[in-house]
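**Student:** output the structure for:
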Amino acid sequence: MSSATPVFGIVAGEASGDLLGAGLIRALKVHFPNARFIGIAGPQMLAEGAETLVPMERLSVMGLVEVLGRLRELFAVRDQLIERLQAEKIDAFIGIDAPDFNLRIAAALKPAGIPTIHYVSPSVWAWRQGRVKGIRASVDLMLCLLPFEKAFYDKHAVPAVFVGHPLADTLPLVPDAMAAQVRLGLPSTASERAATVALLPGSRRGEVASLLPLLLATAKILHAQFPTLNFLIPAINAERSEQIRAAVEAHDALPITIFDQQIGNDVGRVVMSAADVIVLASGTATLEALLLKKPMVVAYRLHWLTWLIAKWLVKIPFVSLPNLLAGRRLVPELLQNQATPENLARETAEWLNSPDKVRTTLAAYDALHLALRQDASATGAAAIARLLSSRLAP
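**Tutor:** Next comes the predicted model:
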């Protein structure tokens with residue numbers, strides 16, 4: 001291998017991975033200007049010169065039933081991809097997220113002496129920690145978005161580098177809430193604008209069906225306490241918009257505004273940025289809310305049997321990323337039986353009534369934002385370049 005002209009196998013399975021892959025390709029070209037990238041890529045990676053062997057959409061399968069229905073096809077794609085990458089004599093393989101698919105490819109390629117990198121750790125630190133043995137056997141380098149992930153892998157003797165989170169690189173340290181309010185058509189001056197609470201019930205039909213009634217009941221309690229309070233709900237697509245509007249019709253006395261993709265594909269981020277407080281489901285949106293510097297109340301409900309299994313499997317003290325990153329209860333988490341309208345309204349009201357608490361929390365957010373802002377693409381590319389250099393060393 002010439003260190004200046006490696007051939008990288010690279011696989012992304014969905015839009016978020018395509019975005020990460022595009023940034024990583026750009027950064028790797030700084031180290032290897034003539035590098036070639038082949039595998040499975042989306043439009044953003046293709047724009048950076050990657051070659052895709054099959055359309056990325058063939059891997060973009062969500063839901064257990066959908067995956068089961070396409071297992072034979074997915075296995076065939078995986079096996080063909082392994083064969084092609086071996087024939088191309090790639091110098092390294094980079095799997096981006098999609099761990100069930102990419103870690104199996106890495107496991108097949110590593111015994112042939114091909115360096116294997118995985119970008120975005122699976123949540124092995126949270127549940128089914130025994131999976132780390134398989135990761136150690138199949139991955140030469142794990143690129144971690146979160147600092148506690150590297151600490152976990154260090155403990156289990158898996159080479160890992162904390163690269164930071166690309167979202168922390170993208171979002172400014174001081175968000176422009178006024179610009180978001182203008183985009184939504186809200187009054188942007190303090191004298192004209194009433195306080196607003198964003199309600200985020202999730203992006204999937206099942207999530208919305210489960211969480212939205214709880215959020216609307218919470219809004220009813222808050223409206224009685226704060227008659228001028230307004231509520232904002234984002235809908236990420238036409239299907240969710242229809243579902244949300246149907247549920248909100250029964251609460252026509254509440255000052256609720258639903259925003260959809262007419263605002264833009266970033267409607268969720270705009271609504272969060274415009275709000276004073278966010279009530280949302282646990283998930284990656286909590287990290288985005290932190291980076292947008294918004295007080296939040298985290299709620300989640302699971303089927304009772306799923307909850308019992310999760311309590312047995314999950315090995316972490318918190319579920320929201322702000323609390324996991326801070327190592328303490330930075331924002332309220334109300335889970336399962338604790339997630340009642342009364343409790344959610346109480347925690348939301350505390351944010352609205354406690355400007356000093358908000359200021360203290362936002363200062364903690366700033367510190368976490370800076371810690372995550374590591375120029376993820378460049379840091380990851382440098383780590384990969386070091387790995388390849390070590391393989392070249394006599």
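
**Student:** and the gap between residue 344 and residue 220?
**Tutor:** Counting by Cβ to Cβ, to the nearest Å, the gap from residue 344 to residue 220 is 11 Å. No exception for glycine: its C-beta is placed from N, CA and C like everyone else's.

**Student:** show me which residues of stretch 168-181 are buried.
**Tutor:** For stretch 168-181, a neighbour-count test (16 or more other Cβ atoms under 10 Å) marks 168, 169, 171, 175, 177, 180, 181 as buried.

**Student:** just flag the most distant two among those.
**Tutor:** For those, the farthest-apart pair by Cβ to Cβ is 169 and 181; their separation is 24.5 Å.

**Student:** all helices for the stretch 151-300 of the chain, in order.
**Tutor:** 166-170, 177-183, 205-225, 238-248, 267-274, 284-291 (DSSP state H, counting those that start in this stretch).

**Student:** reformat the ones you listed as JSON lines; add mean pLDDT.
**Tutor:** Converted to JSON lines, those look like this (pLDDT from 0 to 100):
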{"stretch": "helix 166-170", "mean pLDDT": "96"}
{"stretch": "helix 177-183", "mean pLDDT": "94"}
{"stretch": "helix 205-225", "mean pLDDT": "93"}
{"stretch": "helix 238-248", "mean pLDDT": "93"}
{"stretch": "helix 267-274", "mean pLDDT": "96"}
{"stretch": "helix 284-291", "mean pLDDT": "94"}
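
**Student:** how about the ones you listed, which one is nearest residue 81?
**Tutor:** Of all these, helix 166-170 comes closest under Cβ to Cβ, at 24.9 Å.

**Student:** who does whichever strand or helix holds residue 142 pair up with?
**Tutor:** Per DSSP states H and E: residue 142 is located in strand 141-144. Sheet pairing of strand 141-144 (DSSP bridges) gives strand 116-119 (parallel), strand 160-162 (parallel).

**Student:** wait, what's in contact with residue 202?
**Tutor:** By Cβ atoms under 8 Å, 6 or more residues apart in numbering, the residues touching residue 202 are 208, 210, 211, 281, 283.

**Student:** check residue 241 too.
**Tutor:** Here residue 241 is in contact with 235, 258, 260, 261 (criterion: Cβ under 8 Å, 6+ apart).

**Student:** okay, the third one: pLDDT?
**Tutor:** You'll see residue 260 listed with a pLDDT of 91.

**Student:** same question, the one 5 residues further on
**Tutor:** The predicted structure scores residue 265 at 86 on the pLDDT scale.

**Student:** and if you look at residue 64?
**Tutor:** Per the predicted model, pLDDT is 37 at residue 64.

**Student:** repeat that for the one 3 residues further on.
**Tutor:** Reading off the per-residue confidence, residue 67 sits at a pLDDT of 49.

**Student:** kindly report the same for residue 281.
**Tutor:** Residue 281 is assigned a pLDDT of 86 by the prediction.

**Student:** excluding covalently adjacent residues, which one is nearest to it?
**Tutor:** Sequence neighbours aside, residue 202 is the residue nearest to residue 281 in space, at 4.8 Å (criterion: Cβ to Cβ, 6 or more residues apart in numbering).

**Student:** look up how far residue 347 lies from that neighbour.
**Tutor:** Counting by Cβ to Cβ, the gap from residue 202 to residue 347 is 19 Å.

**Student:** just residue 325 next, same as before
**Tutor:** Distance of residue 325 to residue 347, computed by Cβ to Cβ: 19 Å.

**Student:** and these two? Which one has more around it.
**Tutor:** Shown here are residue 325 and residue 347; by other Cβ atoms under 10 Å, residue 325 has more neighbours (24 against 21).

**Student:** in TSV, list the contacts of residue 241 along with neighbour count and distance to residue 389.
**Tutor:** Output for the contacts of residue 241, formatted as TSV (neighbours: other Cβ atoms under 10 Å; distance: Cβ to Cβ, whole Å):
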residue	neighbour count	distance to residue 389
235	24	48
258	17	53
260	18	49
261	15	45
